[in-house]
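Participant: sequence? don't have it. structure:
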């Protein structure tokens, strides 16, 4: 990407000259955007396997951990807990847990997916996190 030299406005015979024309500025902006798009970084999602040790440890040590310690571990595992109320008084409410290893279901629709990532329509169950047996 080249560095553009901008002309400094000057007064010549009472007339201000030296401004870049709008079409020149638009072309420069578009060129800069193309360059930035080439170097855009997409954050890759961590795998669920990376979170297995803290999840298992949390379950095994639940009774011995302080509330603050439980919360700290849960914050590493959960992006958000969403309460979705249906009905006027929320009688048919739904609690959704959005784990950090899955794409954010509330992310903007035009947000790009990381290379190799696939869209997920349902959350991973707790059974998938826990060791077999």
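Facilitator: Arrived safely. What you see is a predicted model, and the numbers here were worked out from it, not measured in a lab.
Participant: per-domain residue ranges of the chain.
Facilitator: Structural domains annotated on the chain: 1-40, 48-129, as defined by automatic domain parsing.
Participant: check the ones you listed for me: which has the lowest mean pLDDT.
Facilitator: Ranked by mean pLDDT, the domains of the chain bottom out at domain 1-40, with a mean of 71.
Participant: distance check, residue 102 against residue 25.
Facilitator: As for residue 102, its distance to residue 25 is 42 Å (criterion: Cβ to Cβ, to the nearest Å). For the C-beta atoms, the positions are set from N, CA and C on the backbone; glycine is no exception.
Participant: how many neighbours does the residue lying closest to residue 101 once chain neighbours are set aside have?
Facilitator: The shortest distance from residue 101 to any non-neighbouring residue, by Cβ to Cβ, 6 or more residues apart in numbering, is to residue 48 (4.7 Å). By other Cβ atoms under 10 Å, 16 other residues sit near residue 48.
Participant: cool, and residue 55?
Facilitator: There are 19 residues near residue 55, going by other Cβ under 10 Å.
Participant: right, I'll leave it there.
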